[in-house]
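S.K.: Let's see this in three dimensions:
(2 chains)
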There are 2 protein chains.
Amino acid sequence: MSDQKNRIPTFDDVLEAHERIKPYIHRTPVLTSRFLNELTGAELFFKCENFQKAGAFKVRGACNAVFGLNAEQAGIGVATHSSGNHALSLSYAAGQRGIPVTVVMPHTAPQAKKDAVRGYGGKIIECEPSTTSREAVFAEVVAESGAEFVHPYNDPRVIAGQATCSLELLAQVPELDAVIAPIGGGGMISGTCLTLSNRAPEVTIYAAEPLKADDAARSLRAGHIIADDAPDTVADGLKVPLKELTWHFVSNFVSDIFTATEEEIIEAMKLTWKRMKIVIEPSCAVPLATILKNPKVFRGKRVGVIITGGNVDLDALPWT
Amino acid sequence: MSDQKNRIPTFDDVLEAHERIKPYIHRTPVLTSRFLNELTGAELFFKCENFQKAGAFKVRGACNAVFGLNAEQAGIGVATHSSGNHALSLSYAAGQRGIPVTVVMPHTAPQAKKDAVRGYGGKIIECEPSTTSREAVFAEVVAESGAEFVHPYNDPRVIAGQATCSLELLAQVPELDAVIAPIGGGGMISGTCLTLSNRAPEVTIYAAEPLKADDAARSLRAGHIIADDAPDTVADGLKVPLKELTWHFVSNFVSDIFTATEEEIIEAMKLTWKRMKIVIEPSCAVPLATILKNPKVFRGKRVGVIITGGNVDLDALPWT
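M.R.: I've put the predicted structure just below:
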């Protein structure tokens, strides 16, 4: 299985993934805002994965991994370590197939996230909030159960799954000039690259990153992966570093990575809530923040903007 | 004009209104939530007027009034007194037609609301935050300018405009058993009654009201209008009393008016934001709160739920 997990996914994988996961995901809508178009001078098309099952695009990759397992492996189950949307998504996907799922999570993770994982039928094993503890506990879980590890992004099945988002976007919006998505570990942006480089190579691909966690932007400039140790940003979905598979796509297909400050991210998040009346995570506001900051790049262009998720703690909003 | 303003609008008025306002409004989407269906045991169809132009259904009535004016009256302009969505909506409508609009507003109204009215091209005349001052200042404005008064709800043109919302809902969702909408002055519920009593008289009509501003529920029980003096509720769109025209529809066509406490309203509002990922006003959460509170009434039913608007002050959320 190890070789399989290091291979670069192909566009055929994406088409297969789309057929495989269709019954378990939403074809999310594309929204527009005349106000934001006037403000930016661009035509923005928001692909709303905040309306996705489990509240985030990550359910695409998780479903592709879970429903692609053979019967024997499926019977044993899947496992991951995550305190974010991937944990929810893998739990949802496993629940849909009716197979066991174990999530290793720091005991400090928010109760709401734990409840959501359990609500989808996931089993939580708690670890200390450190990489050492997480990896040790996770190794034990896999050794004992034989569960299949589904990495949040450095996995060809996951990347092929996330790539179905852009496949839908291309069908929903003709003649895009550019697509921009947030970048953390690079799963969504890699899927975007995979689909666009095959189906619409004329579309420019941009990524957007918090300035306080700008390891991907620095990696692109340096020509190799730079991984930061525990960056701190309000865009909590974007703290993790690139890995081999996602670096392949980012280094080959992403034209530029723009950054935004914490204040700019929060401002763009509020602007989206206020004007579009949709609940989005801080991470999803980073693309709009960078579009507002780099008007010359986007003016007059038709731009797809990936809204990655809507799982927000309403009792701890970043501006209150 | 006075007689015209006291007449009960007809279903022909609704059909005319729909043709008249179509170019200036959105045909808003109907959203569903599997989670909320499972929680309530009903099939809920949310008609999302939070995505409407100017952020609320009130733009339907305002556009119908503004675009129905003859050229002479249009040239003089329109006026109203409101510190809420009607002020925004009338300003939007007048801006679309390119005619003058004056809004009398207490000087204590939120700056965001004033900015929004001015953003749409409206002129604001400030008054003291009392009924006496508001009426005196407004009378002066009308006497001086000759502007046409468009009441927020007690106006046949406005009711016929709001009625187009249910007309769309009936086309979007077949075989509804019931429709529920919030009730304040009764403009939306009256429009709902007007459309459903003509097009789908088999559909039961319910209204939902804050317990702390339950004047409509008490009116329905008493058989005559009861008007409260300045009730205090988080559902700030629902503080105003019924008037003659809206009482006609409520008393004849509304089966029941359910109430919810402030806590229940806030809980339903958070639940909607969290699960549906849409930004709704406290007023729009009252129907869901009452559905959760009266499961026997709604269980097994196909229920249309009018989400009336999404203009929320993000810096003063009711739970923070």
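S.K.: other SSEs contacting the helix of greatest length in chain A?
M.R.: Taking DSSP state H as the assignment, the helix of chain A that covers the most residues is helix A:156-172. Secondary-structure packing of helix A:156-172 (3 or more Cβ pairs under 8 Å, 6 or more residues apart in numbering or on different chains; DSSP states H and E): helix A:11-21, strand A:43-48, helix A:58-67, helix A:187-199, helix A:244-253, strand A:302-307. To be clear about C-beta, it is placed using only N, CA and C from the backbone, and glycine gets the same treatment.
S.K.: Give me the distance between it and the centre of its chain.
M.R.: In terms of Cα atoms, centre = their mean, to the nearest Å, the gap separating the centre of helix A:156-172 from the centre of its chain is 11 Å.
S.K.: Pull out the buried residues from it.
M.R.: Neighbour-count burial for helix A:156-172 flags A:156-170 (criterion: 16 or more other Cβ atoms under 10 Å in any protein chain shown).
S.K.: Nearest to chain B among these?
M.R.: Comparing the buried residues of helix A:156-172 against chain B with Cβ to the nearest Cβ places A:Cys165 closest, at 16.1 Å.
S.K.: still on that earlier bit, what is the nearest of the buried residues of helix A:156-172 to A:Val240?
M.R.: Top of the list for closeness to A:Val240, among the buried residues of helix A:156-172 and by Cβ to Cβ, is A:Val158 at 13.0 Å.
S.K.: measure the closest one to B:Phe57 for me?
M.R.: If you measure A:Val158 against B:Phe57 using Cβ to Cβ, to the nearest Å, the figure is 42 Å.
S.K.: Please name the residues that touch the most centrally placed residue in chain A.
M.R.: Within chain A, the residue whose C-alpha comes closest to the C-alpha centroid is A:Met188; the distance, by Cα atoms, centre = their mean, is 4.6 Å. Listed by Cβ atoms under 8 Å, 6 or more residues apart in numbering or on different chains, the contact set of A:Met188 reads A:57, A:162, A:165, A:181-182, A:306, A:308.
S.K.: again, only this time at 7 Å
M.R.: Residues in contact with A:Met188 (Cβ atoms under 7 Å, 6 or more residues apart in numbering or on different chains) are A:57, A:162, A:181, A:306, A:308.
S.K.: Check A:Met269 too.
M.R.: Contact partners of A:Met269, counting by Cβ under 7 Å, 6+ apart, are A:280, A:282, A:285.
S.K.: again, only this time at 10 Å
M.R.: A:234-235, A:279-286, A:288-289, A:312, A:317-319, B:314 (Cβ atoms under 10 Å, 6 or more residues apart in numbering or on different chains).
S.K.: Kindly report the same for A:Ala139.
M.R.: Counting by Cβ under 10 Å, 6+ apart, A:Ala139 makes contact with A:104, A:149.
S.K.: Can you give me the buried ones in stretch A:299-313?
M.R.: With burial defined by 16+ other Cβ under 10 Å, the residues of stretch A:299-313 counted as buried are A:301-312.
S.K.: So A:Asp229 sits against A:Ser130, correct?
M.R.: No - assessed by Cβ atoms under 10 Å, A:Asp229 is found out of contact with A:Ser130, at 11.8 Å.
S.K.: Spatially nearest residue to A:Ala260 (excluding sequence neighbours)?
M.R.: A:Ala289 (3.7 Å; Cβ to Cβ, 6 or more residues apart in numbering or on different chains).
S.K.: which other helices and strands contact the host helix or strand of that neighbour?
M.R.: With elements delineated by DSSP states H and E, A:Ala289 resides in helix A:282-293, which encompasses its position. For helix A:282-293, the elements it packs on are helix A:34-40, strand A:43-48, strand A:178-182, strand A:204-210, strand A:256-260, helix A:262-276, helix A:295-298, strand A:302-307, judged by 3 or more Cβ pairs under 10 Å, 6 or more residues apart in numbering or on different chains; DSSP states H and E.
S.K.: so it versus helix A:187-199, what angle?
M.R.: 60 degrees (axes from the mean of the first three to the mean of the last three Cα atoms, to 10 degrees).
S.K.: what mean pLDDT does helix A:282-293 have?
M.R.: Helix A:282-293 shows a mean pLDDT of 97.
S.K.: now stretch A:9-28
M.R.: The pLDDT scores in stretch A:9-28 average 98.
S.K.: and that stretch, which residues are buried?
M.R.: Of the residues in stretch A:9-28, those buried under the neighbour-count criterion (16+ other Cβ under 10 Å) are A:9, A:13-15, A:17-18, A:20-21, A:24-25, A:28.
S.K.: just stretch A:127-146 next, same as before
M.R.: Under the neighbour-count rule (16+ other Cβ under 10 Å), stretch A:127-146 has A:127, A:134, A:137-138, A:141 buried.
S.K.: And those residues, which is closest to A:Lys239?
M.R.: Scanning the buried residues of stretch A:127-146 for proximity to A:Lys239, where the rule is Cβ to Cβ, the winner is A:Arg134, at 14.1 Å.
S.K.: Chain B versus the closest one, what's the distance?
M.R.: Plainly put, A:Arg134 is 27 Å away from chain B if you go by Cβ to the nearest Cβ, to the nearest Å.
S.K.: got the CA positions of the helix or strand where that residue lies in PDB?
M.R.: Counting by DSSP H and E, the element that carries A:Arg134 is helix A:131-145. In PDB, the C-alpha atoms belonging to helix A:131-145 read as follows (Å, rounded to 0.1, in the frame of the first residue of the first chain):
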ATOM      1  CA  THR A 131       3.300  15.900  18.000                       C
ATOM      2  CA  THR A 132       5.200  13.300  19.900                       C
ATOM      3  CA  SER A 133       2.200  12.100  21.800                       C
ATOM      4  CA  ARG A 134      -0.100  12.200  18.800                       C
ATOM      5  CA  GLU A 135       2.300  10.100  16.600                       C
ATOM      6  CA  ALA A 136       2.900   7.600  19.400                       C
ATOM      7  CA  VAL A 137      -0.800   7.200  20.200                       C
ATOM      8  CA  PHE A 138      -1.700   7.000  16.500                       C
ATOM      9  CA  ALA A 139       1.000   4.300  15.800                       C
ATOM     10  CA  GLU A 140      -0.400   2.300  18.600                       C
ATOM     11  CA  VAL A 141      -4.000   2.600  17.200                       C
ATOM     12  CA  VAL A 142      -2.900   1.500  13.800                       C
ATOM     13  CA  ALA A 143      -0.800  -1.400  15.100                       C
ATOM     14  CA  GLU A 144      -3.600  -2.700  17.200                       C
ATOM     15  CA  SER A 145      -6.500  -2.300  14.900                       C
END
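S.K.: Check which element follows it along the chain.
M.R.: Past helix A:131-145, further along toward the C-terminus, the next helix or strand under DSSP H and E is strand A:148-149.
S.K.: Contact residues of chain A facing chain B?
M.R.: Among all residues of chain A, those adjacent to chain B (criterion: Cβ under 10 Å from any Cβ of the partner chain) are A:29, A:31, A:33-35, A:48-53, A:55, A:112, A:119, A:269-281, A:307, A:309-317, A:319-320.
S.K.: Pull out the buried members of these.
M.R.: Using 16+ other Cβ under 10 Å as the burial test, the residues of chain A next to chain B include A:31, A:33, A:48-53, A:55, A:269-281, A:307, A:309-312, A:314, A:317 as buried.
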